[in-house]
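[1] Sequence and computational prediction follow.
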Amino acid sequence: MAASGKGNSQNGVVTGGVEDAYGEDRATEDQPVTPWAVCVASGHSLLRDPRHNKGLSFTEKERDAHYLRGLLPPVVLSQDLQEKRLLQNVRQFEVPLQRYMALMDLQERNERLFYKLLIDNVEELLPVVYTPTVGEACQKYGSIFRRPQGLYISLKEKGRILEVLRNWPEKSIQVIVVTDGERILGLGDLGCQGMGIPVGKLALYTALGGVRPSACLPITIDVGTNNEDLLKDEFYIGLKQRRATGQEYSELLDEFMTEVRQNYGQKVLVQFEDFANHNAFTLLEKYRANHLVFNDDIQGTAAVVLAGLIAALKSVGGTLADHAFLFFGAGVAGTGIAELVALEISRQGKVSVEEARQKIWLVDSKGLIVASRNETLQPFKKRYAHEHEPVKDLLGAVKAIRPTALIGSAGVGRSFTKEVIEAMSSVNERPIILALSNPTSQSECTAEEAYTWSQGRAIFGSGSPFDPVKYNDKLFVPAQANNAYIFPGFGLGVVISGAVRVTDDMVLAAAEGLADQVTPEHIDKGLIYPPFSIIRKISANIAARVAAKAYNLGLASQLPRPKDLVNYAESCMYTPYLPILQMKDNNAELQTLDELCTTPLEELRMPITVSTIVEPLCFPVIIV
């Protein structure tokens with residue numbers, strides 16, 4: 001069903017979905033359908049439909065109207081009370097993976113309650129549905145697999161991908177998150193079991209960014225796996241063969257991208273997730289000119305880290321161009337961050353990007369990347385191969401470069417040793433230490449180590465969450481440089497503007513929008529990111545920044561441009577609160593679904609069209 005142009009409100013609560021960006025492709029759905037008949041899913045089938053099932057929140061009237069009498073216990077519980085009960089149940093599980101499974105079960109039976117629970121308790125539940133728990137879930141995905149939650153496109157479907165896409169029940173897709181499972185977090189090749197990542201990401205697109213659940217599609221492309229343990233595992237759910245490479249891999253991805261555009265139009269955002277280094281950069285560069293694509297590992301991570309650096313400088317002082325940055329890790333994430341930082345330095349200082357890169361140094365497994373190593377470097381590393389004597393290890397690089405910020409993305413746990421942190425502290429009054437690798441076991445150092453070894457002077461951020469640390473009677477709250485700060489709001493901005501391409505300027509706008517949400521009060525507490533408790537507000541502001549940039553660049557197709565993009569973004573955000581059905585013509589009043597269902601058809605004063613029904617509905621309504 002098409003969403004309305006703007007969200008409606010009930011008791012001050014926005015209940016509309018993100019505006020349908022495909023009006024020109026679905027014009028026939030706005031035509032009146034006659035004669036009119038309304039079919040409402042009811043009874044047992046309604047209770048098995050996660051999108052419309054309200055569980056014990058069905059009222060007495062609803063139970064009679066929709067043949068639910070006797071199918072539920074007699075008690076009627078409010079949505080808030082159901083949420084309270086579910087939260088108590090989730091908290092009883094001591095093992096994070098059990099909490100994850102409980103939440104996934106809830107999503108599969110009562111979607112709206114799942115999102116309400118996640119939105120209202122985001123700081124507590126984010127580590128469960130996202131990093132670090134989602135990593136363990138992917139490792140064990142074959143064992144805990146219950147119900148398919150997305151599309152699986154394997155080499156078996158080569159030549160038939162359009163047919164596979166059409167098997168998905170939803171036709172108005174606005175965001176796709178796709179992985180090939182080769183580099184899941186810091187855990188390596190998990191093949192088909194990487195599906196947990198697109199599922200988790202899209203749950204956050206809805207909960208944190210307000211993109212309608214029905215507009216989100218998780219996809220795993222299965223080209224095999226090189227993980228020997230999985231190939232021998234009798235419960236592995238993917239193709240049991242070595243990974244396809246070269247032409248076979250490229251042809252499958254080409255077909256996928258072509259058929260996605262054929263089936264959903266050019267304004268569907270395709271987010272690449274957890275592709276290995278050798279494919280991630282190649283795919284992004286290959287498709288960004290002709291498709292609406294975004295790589296969260298490259299661009300999303302870069303935006304959230306850049307935002308953290310900009311915010312940290314509010315405490316350290318100076319501009320980005322006044323400081324030096326040392327990256328430990330020169331893969332997808334590290335070089336992606338470095339490029340965005342260089343671009344921001346270039347814009348701020350009005351210098352070339354090449355000149356801006358001189359402020360940035362990279363360390364990989366062979367040591368500091370310098371010009372004398374040029375012949376053996378991958379192309380994306382060569383731009384950071386500066387003139388310098390070879391340095392073999394991280395500690396030596398810190399002493400030689402004397403950076404303001406040390407940024408880890410190599411996935412090598414505990415690589416920021418006591419000596420490294422002390423060396424950073426010896427050359428900086430407030431050293432910036434960002435240990436970004438996930439999951440927690442791969443983090444370059446813990447929050448406690450960073451604060452202790454720097455004698456409480458470090459400005460610390462991490463990829464995985466850490467508990468607050470008390471040092472010398474002062475409580476430090478570690479900042480989590482979580483991509484969830486960026487990609488939900490970024491995607492919302494792309495959707496509401498009808499953007500047809502993603503540019504670096506739009507990614508910079510997202511980073512600057514996040515940094516602007518960091519207040520002096522946050523800085524006083526050592527925080528370089530705002531609290532997740534206001535993430536929906538943060539996402540709306542980021543969406544407005546991204547949409548504004550798309551309009552300014554002439555890349556937006558949703559016209560006319562809204563006067564207040566922040567308010568418009570908020571009005572378009574999906575919320576899980578139980579809504580009413582809104583149907584109106586020139587003089588019609590609002591009607592509830594029950595009123596609609598009990599009104600004789602001849603008394604309806606208007607032709608019923610699909611576009612007059614506002615998502616999300618209490619019940620599925622089919623107009624025939």
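    Good, I have the coordinates. Numbering: from 1, shown residues only.
[2] mind listing the helices for the stretch 401-550 of the chain?
    Along the stretch 401-550 of the chain, the segments classed as helices by DSSP state H, counting those that start in this stretch run 418-427, 447-453, 487-497, 504-515, 520-524, 535-552.
[3] Check what pLDDT the closest residue to Ala548 other than its chain neighbours gets.
    If the residues on either side of it in the chain are set aside, Ala548 comes closest to Leu565, at 5.7 Å by Cβ to Cβ, 6 or more residues apart in numbering. C-betas here are computed from N, CA, C, even on glycine. The predicted structure scores Leu565 at 97 on the pLDDT scale.
[4] what do you get for Leu596?
    Leu596 carries a pLDDT value of 45.
[5] again with Gln92
    Taking Gln92 on its own, its pLDDT is 95.
[6] Glu602 too?
    According to the prediction, Glu602 has pLDDT 42.
[7] Walking through the stretch 201-350 of the chain, point out its helices one by one.
    Per DSSP H, counting those that start in this stretch, the stretch 201-350 of the chain carries helices over the ranges 228-232, 246-264, 277-287, 301-316, 332-349.
[8] name the helices or strands packed onto the fourth one?
    For helix 301-316, the elements it packs on are helix 332-349, strand 405-408, strand 432-435, strand 459-462, helix 504-515, helix 520-524, judged by 3 or more Cβ pairs under 8 Å, 6 or more residues apart in numbering; DSSP states H and E.
[9] Centre of the chain to that helix, how far?
    For helix 301-316, the distance from its own C-alpha centre to the chain's C-alpha centre is 19 Å (Cα atoms, centre = their mean, to the nearest Å).
[10] Enumerate every residue touching the nearest residue to Thr59 once chain neighbours are set aside.
    Distances taken as Cβ to Cβ, 6+ apart place Val76 nearest to Thr59, at 6.1 Å, with adjacent residues excluded. Shown in contact with Val76 (Cβ atoms under 8 Å, 6 or more residues apart in numbering): 56-60.
[11] quick one on the thing from earlier: cross-check the contact I'm expecting between the residue nearest to Ala548 and Ala547.
    Yes. With contact defined as Cβ atoms under 8 Å, Leu565 and Ala547 form a contacting pair (5.3 Å).
[12] Who has more neighbours out of those two?
    Neighbour totals were compared for Leu565 and Ala547, and Ala547 leads with 28 against 21 (other Cβ atoms under 10 Å).
[13] so that one touches Ala556, yeah?
    Yes. With contact defined as Cβ under 8 Å, Ala547 counts as touching Ala556 (6.8 Å).
[14] what do those two both touch?
    Between them, Ala547 and Ala556 share the neighbouring residues 497, 499, with contact defined by Cβ under 8 Å, 6+ apart.
[15] Quick one: the helices of the stretch 201-350 of the chain as CSV, columns for distance to Gly188, mean neighbour count and mean pLDDT too.
    Formatted as CSV, the entries for those read as follows, by distance: least, Cβ to Cβ, whole Å; neighbours: other Cβ atoms under 10 Å; pLDDT from 0 to 100:
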stretch, distance to Gly188, mean neighbour count, mean pLDDT
helix 228-232, 10, 14, 95
helix 246-264, 18, 16, 97
helix 277-287, 12, 18, 92
helix 301-316, 18, 24, 94
helix 332-349, 14, 23, 92
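[16] Next, format those helices as TSV and append distance to Val122.
    Written out in TSV, the entries for these read as follows (distance: least, Cβ to Cβ, whole Å):
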stretch	distance to Val122
helix 228-232	32
helix 246-264	29
helix 277-287	28
helix 301-316	16
helix 332-349	24
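[17] between those, which gets nearest to Phe487?
    Using Cβ to Cβ as the criterion, the shortest distance between Phe487 and the helices of the stretch 201-350 of the chain is 8.5 Å, found for helix 301-316.
[18] Now do the contacts for the nearest residue in space to Val502 that is not next to it in sequence.
    The shortest distance from Val502 to any residue that is not its chain neighbour, by Cβ to Cβ, 6+ apart, is 5.1 Å, and that residue is Phe294. Applying Cβ under 8 Å, 6+ apart, one finds that Phe294 lies in contact with 269-272, 300, 487, 490-491, 494, 502.
[19] for these, which one is nearest Leu126?
    Checking the contacts of Phe294 against Leu126 by Cβ to Cβ gives Phe487 as the nearest, at 13.2 Å.
[20] what's the closest non-adjacent residue to the closest one?
    Residue nearest to Phe487 in three dimensions, not counting chain neighbours: Gly300, with 4.7 Å by Cβ to Cβ, 6+ apart.
[21] Distance-wise, check the one you found relative to Arg457.
    Computed with Cβ to Cβ, to the nearest Å, the distance linking Gly300 and Arg457 is 29 Å.
[22] so who does Leu475 touch?
    468-469.
[23] Provide the partner residues of it in its beta bridges.
    Going by DSSP bridges, Leu475 is paired in beta bridges with Lys470.
[24] pLDDT below threshold where in the protein?
    Applying pLDDT under 70 to the chain flags the ranges 1-40, 578-624.
[25] what about the helices of the stretch 201-350 of the chain, which gets the closest to Ser533?
    When those are ranked by proximity to Ser533, the top entry is helix 301-316, at 17.3 Å, counting by Cβ to Cβ.
[26] can you state the direction angle for that closest one and helix 332-349?
    If you take axes from the mean of the first three to the mean of the last three Cα atoms, to 10 degrees, helix 301-316 sits at 50 degrees to helix 332-349.
[27] Just the C-alphas of helix 301-316, formatted as PDB.
    What follows is the C-alpha trace of helix 301-316 in PDB, where atoms were taken according to Å, rounded to 0.1, in the frame of the first residue of the first chain:
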ATOM      1  CA  THR A 301      32.000   4.300   9.400                       C
ATOM      2  CA  ALA A 302      33.900   7.300   7.900                       C
ATOM      3  CA  ALA A 303      31.000   9.700   8.700                       C
ATOM      4  CA  VAL A 304      30.600   8.600  12.300                       C
ATOM      5  CA  VAL A 305      34.300   8.800  13.000                       C
ATOM      6  CA  LEU A 306      34.700  12.100  11.300                       C
ATOM      7  CA  ALA A 307      31.800  13.400  13.400                       C
ATOM      8  CA  GLY A 308      33.600  12.200  16.500                       C
ATOM      9  CA  LEU A 309      36.800  13.900  15.500                       C
ATOM     10  CA  ILE A 310      35.100  17.200  14.800                       C
ATOM     11  CA  ALA A 311      33.300  17.000  18.200                       C
ATOM     12  CA  ALA A 312      36.600  16.000  20.000                       C
ATOM     13  CA  LEU A 313      38.300  19.100  18.600                       C
ATOM     14  CA  LYS A 314      35.800  21.200  20.600                       C
ATOM     15  CA  SER A 315      37.800  20.000  23.600                       C
ATOM     16  CA  VAL A 316      41.300  19.800  22.000                       C
END
